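Pasting a predicted model and its sequence here:
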Amino acid sequence: MERILSERAQIIKPSITLAISAKAKKMRAEGIDVLNFSAGEPDFDTPDSIKQAAVTAIEEGFTKYTAAGGISEVKAAIIEKYHAEQNLSYNPEQVLVSNGGKHALHNIFQAVLDPGDEVVIPSPYWLSYPDMVKLSGGVPLILNTRLEDNYKISPDALAGAITSKTKLLILNSPSNPTGAVYTARELTALAGVVEAAGILVVSDDVYEKFVYDGKSFVNLLMVAPHITESVIIINSASKTYSMPGWRIGYALGPEAVIRAATRIQGQATSCAGSISQKALAHALKTDANLIESFRQSFEKRRDLMFEGLTAIDGIRTFKPTGAFYLFADVSRLYEKVDGVTDSVGFCDYLLEKWRIASIPGQAFGEDRCIRFSFVADETTIREGLLRLSQILIL
Ligand code: GLU
């Protein structure tokens with residue numbers, strides 16, 4: 001045998017968010033005083049009533065395979081949420097419950113992409129998109145945005161990027177890593193381009209509950225419900241209910257796409273975990289005030305982090321309106337540190353010298369920046385800012 005690994009396996013990079021976050025957690029476990037601003041993982045514990053729903057599921061023996069696409073109870077709760085919050089109507093055949101939002105995305109890419117199909121990915125992008133697209137044979141078409149344009153794509157830029165091979169656009173608002181949030185007017189204009197080009201859209205809405213400055217969340221279908229047949233919504237329990245380790249997320253979309261994705265899931269993992277499905281069904285009914293308290297807490301931390309970073313000479317910051325990341329241009333600091341020429345080197349330096357874990361912008365398509373997640377508590381954020389401000393004094 002000449003070659004063991006498939007070509008596919010060889011082109012896929014490891015997820016750097018998971019790698020750095022694991023390294024930071026390991027250093028902490030070894031007693032090293034690391035400040036962890038790496039993975040986007042809310043620091044709140046999963047609410048007790050959700051845990052209790054899972055305990056009850058275990059005690060009642062709800063521990064067997066479920067239907068491939070998810071149990072009726074959780075599908076009904078998802079349908080109800082979308083009806084109540086976004087005035088969108090779905091039937092159970094249009095809902096797929098998967099092992100996390102990431103898995104839902106993977107199932108959708110597997111269901112709609114053929115080799116050579118292009119996928120427009122606005123950059124800076126969540127680092128897993130390009131690799132996930134490649135894993136399904138697709139070709140990422142990176143569409144750069146600028147800080148001056150609030151890291152958003154314009155309808156003209158989108159129209160100019162689309163070719164006869166373009167199948168899909170990925171929209172992620174609020175965005176990981178920039179925290180940019182599209183307005184209803186901007187989305188309406190983009191919907192026009194999508195409709196004219198006849199492409200599909202994946203609307204990755206996992207940060208929907210975390211929008212700041214009195215703004216509201218809006219997605220493509222809320223402004224253009226007539227294009228439901230072209231839009232697949234992705235959502236997850238990980239961020240909203242602080243349940244990343246439960247691995248539970250879902251997709252809603254056109255019946256043909258969801259049916260195909262469900263078949264794929266059925267052959268790959270059978271179904272999502274039965275206990276996590278029960279927990280999600282309960283989580284979807286969580287008191288809105290609790291989620292609002294998470295949001296308020298993140299907004300306070302955003303303010304603290306933004307003000308602190310803005311005050312540091314050499315760091316250029318973009319104020320995020322949503323999600324829980326601050327994407328800062330630190331490229332002017334590279335030359336101040338021996339041997340550092342890029343964001344990877346700078347993040348290594350921050351971790352080794354200052355015990356600050358952050359994610360290099362290179363992984364998100366923008367090497368001038370690094371990403372800090374502000375899900376850490378306020379004391380950690382203050383200490384991190386203090387350490388960062390000392391780099392310049394060296
Ligand atoms: N989406 C989160 C992040 O970007 C979680 C880690 C991951 O799956 O990438 O930090």
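That came through fine.

Leaving out the residues flanking it, which one is nearest to G40?
With C-beta to C-beta, 6 or more residues apart in numbering as the criterion, G40 has its nearest non-adjacent residue at 4.7 Å, and that residue is S373. Bear in mind the C-beta positions are built from the backbone N, C-alpha and C, glycine included.

so what's the one you found bridging to?
Y325 (DSSP bridges).

mean confidence for the helix or strand harbouring A54?
A54 is part of helix 48-59 when elements are defined by DSSP states H and E. Averaging pLDDT along helix 48-59 yields 98.

now that helix, how far from the centre of its chain.
Between the mean C-alpha point of helix 48-59 and the mean C-alpha point of its chain there is a distance of 26 Å (C-alpha atoms, centre = their mean, to the nearest Å).

Please identify the buried residues of that helix?
Residues I50, A53, A54, A57 are the ones in helix 48-59 that count as buried (16 or more other C-beta atoms under 10 Å).

Excluding residues flanking it in the chain, which one is nearest the residue of the stretch 201-350 of the chain found nearest the ligand?
With C-beta to the nearest ligand atom as the measure, P244 is the residue of the stretch 201-350 of the chain nearest to the ligand, at 6.7 Å. Nearest residue to P244, sequence neighbours excluded (C-beta to C-beta, 6+ apart): S238, at 4.1 Å.

ok, the residue nearest to G40 touching P320?
No - using C-beta atoms under 8 Å, S373 makes no contact with P320, being 10.6 Å away.

hang on, the earlier thing: where does the residue nearest to P244 fall, helix, sheet strand or coil?
In terms of secondary structure, S238 is helix; the call rests on DSSP: H, G, I helix; E, B strand; the rest coil.

what number of residues lie near it?
Applying other C-beta atoms under 10 Å, we find 21 residues neighbouring S238.

The ligand contacts on the chain?
By C-beta under 6 Å from any ligand atom, the residues of the chain that approach the ligand are S15, T17, L18, A39, G40, K102, W126, S128, N176.

who wins for most neighbours among those?
Sorting the residues of the chain next to the ligand by how many neighbours each has (other C-beta under 10 Å) puts N176 first, at 28 neighbours.

mind checking how far Y349 is from F44?
Y349 is 30 Å from F44, where distance means C-beta to C-beta, to the nearest Å.

Can you tell me the closest non-neighbouring residue to Y250?
The spatial neighbour of Y250 that comes closest, neighbours along the chain excluded (C-beta to C-beta, 6+ apart), is V97 at 4.8 Å.

same check, this time on I162
Nearest-residue entry for I162: A197, 4.8 Å, with adjacent residues in sequence omitted and distances by C-beta to C-beta, 6+ apart.

Tell me the pLDDT of the one you found.
As predicted, A197 sits at a pLDDT of 98.

now the one 5 residues further on
According to the predicted model, the pLDDT of V202 comes to 98.

cool, and Y129?
The confidence metric pLDDT takes the value 98 at Y129.

Report whether the expected contact of it with G138 is present.
No - when contacts are counted by C-beta under 8 Å, Y129 is not listed as touching G138 (10.1 Å).

The stretch 201-350 of the chain: strands as residue ranges?
Shown for the stretch 201-350 of the chain, the strands assigned by DSSP state E, counting those that start in this stretch span residues 231-236, 249-252, 316-317, 325-329.

No further queries at this time; thank you.
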